[in-house]
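# attaching a predicted model along with its sequence, questions to come.
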Amino acid sequence: LNILSGLNVVHVGCAGFNKILGPLRPVLRAVTFAWLGGLWLFGRPKQQARRRLFFHTLFTLALAVLPEVLRLSNSSLFVGSPPPPPSSSLLEVNVDGMGCEACEVAVRSVFEQVSGVVAVEEIDYKTGKVNVRVKSKEWGSIEENELARALDSEGYGFTSSHTAQLQKDDY
């Protein structure tokens with residue numbers, strides 16, 4: 001399936017798994033860490049098996065925190081956002097079909113590829129809310145149909161939007 005996605009043939013995103021498993025993430029992590037702890041405490045592995053268990057433990061820990069790392073790496077915490085251009089507009093969009101942090105990254109990428117988008121300011125997969133800074137009408141405004149087509153081609157839905165004009169004294 002990943003090969004088909006890479007070839008731009010099939011896109012399923014997280015396939016909804018994180019919508020189902022997301023709420024169970026803390027429980028699944030606790031069970032995993034308890035299992036690994038039990039292996040370390042009671043398994044008494046030999047030297048070679050201990051080395052393999054060490055690498056398996058590191059790999060498991062990396063995968064366990066990957067969603068949070070992914071979300072942090074795309075936040076404004078690491079990427080300084082420049083001030084918005086004068087008279088730009090903030091487009092509030094509801095996107096259907098996001099189920100995880102990886103979906104946030106994919107939707108951000110879709111918006112950033114559409115001409116007329118200045119920046120993606122806020123995105124939340126749980127609520128589906130995306131705040132996008134776009135060029136104002138004076139600069140050649142963005143068409144909502146173009147955003148909807150771009151999202152649809154990646155398997156996400158575009159439901160509604162609201163535009164707020166940014167005045168010079170707002171920043």
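Good, I have the coordinates. Model, not experiment: these values are computed from the prediction. Numbers count the residues shown, from 1 in each chain.

# show me the contacts for E122.
Residues in contact with E122, defined by Cβ atoms under 8 Å, 6 or more residues apart in numbering, are K129, V130, N131. Just so you know, the C-beta spots here come from the backbone N, C-alpha and C atoms, and that holds for glycine as well.

# need those residues in CSV (columns: distance to E101).
Formatted as CSV, the contacts of E122 follow (distance: Cβ to Cβ, whole Å):
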residue, distance to E101
K129, 15
V130, 14
N131, 17
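
# if you rank those by neighbours, which is first?
Scoring the contacts of E122 on neighbours with other Cβ atoms under 10 Å, the highest-scoring entry is V130 at 27 neighbours.

# from L90, how far off is that one?
Between V130 and L90 the computed distance is 11 Å (Cβ to Cβ, to the nearest Å).

# pLDDT below threshold where in the chain?
Across the chain, the stretches falling below the confidence threshold (pLDDT under 70) are 1-20, 74-87, 136-143, 160-171.

# which parts of this structure are helices?
Remark: helices assigned in the chain by DSSP state H are 2-6, 17-21, 25-42, 47-73, 101-113, 144-153.

# okay, those helices, which one's buried deepest?
Mean neighbour count (mean count of other Cβ atoms under 10 Å) peaks for helix 101-113 among the helices of the chain, with a mean of 18.

# which helices and strands does that helix pack with?
Judged by 3 or more Cβ pairs under 8 Å, 6 or more residues apart in numbering; DSSP states H and E, helix 101-113 is in contact with helix 47-73, strand 117-124, strand 129-134, helix 144-153.

# ok, the shortest one: who's next to it in the sheet?
In the sheet containing strand 129-134, its partner strands are strand 89-96 (antiparallel), strand 117-124 (antiparallel), by DSSP bridges.

# how close does L58 get to V65?
Taking Cβ to Cβ as the measure, L58 falls 11 Å from V65.

# typo on my end, V118
V118 is 31 Å from V65, where distance means Cβ to Cβ.

# just R44 next, same as before
Distance of R44 to V65, given as Cβ to Cβ: 27 Å.

# cool, E122 as well?
Per Cβ to Cβ, E122 is found 23 Å from V65.

# what of S109?
With distances taken as Cβ to Cβ, S109 is found 22 Å from V65.

# list the contacts for V117?
Per Cβ under 8 Å, 6+ apart, neighbours of V117: F111, V132, R133, V134, I142.

# so which of these wins on neighbours?
Sorting the contacts of V117 by how many neighbours each has (other Cβ under 10 Å) puts V132 first, at 26 neighbours.

# residues contacting it?
L90, L91, V93, F111, V117, A119, V120, E121, L147.

# what about 7 Å?
By Cβ atoms under 7 Å, 6 or more residues apart in numbering, the contact set of V132 is L91, V93, F111, V117, V120, E121.
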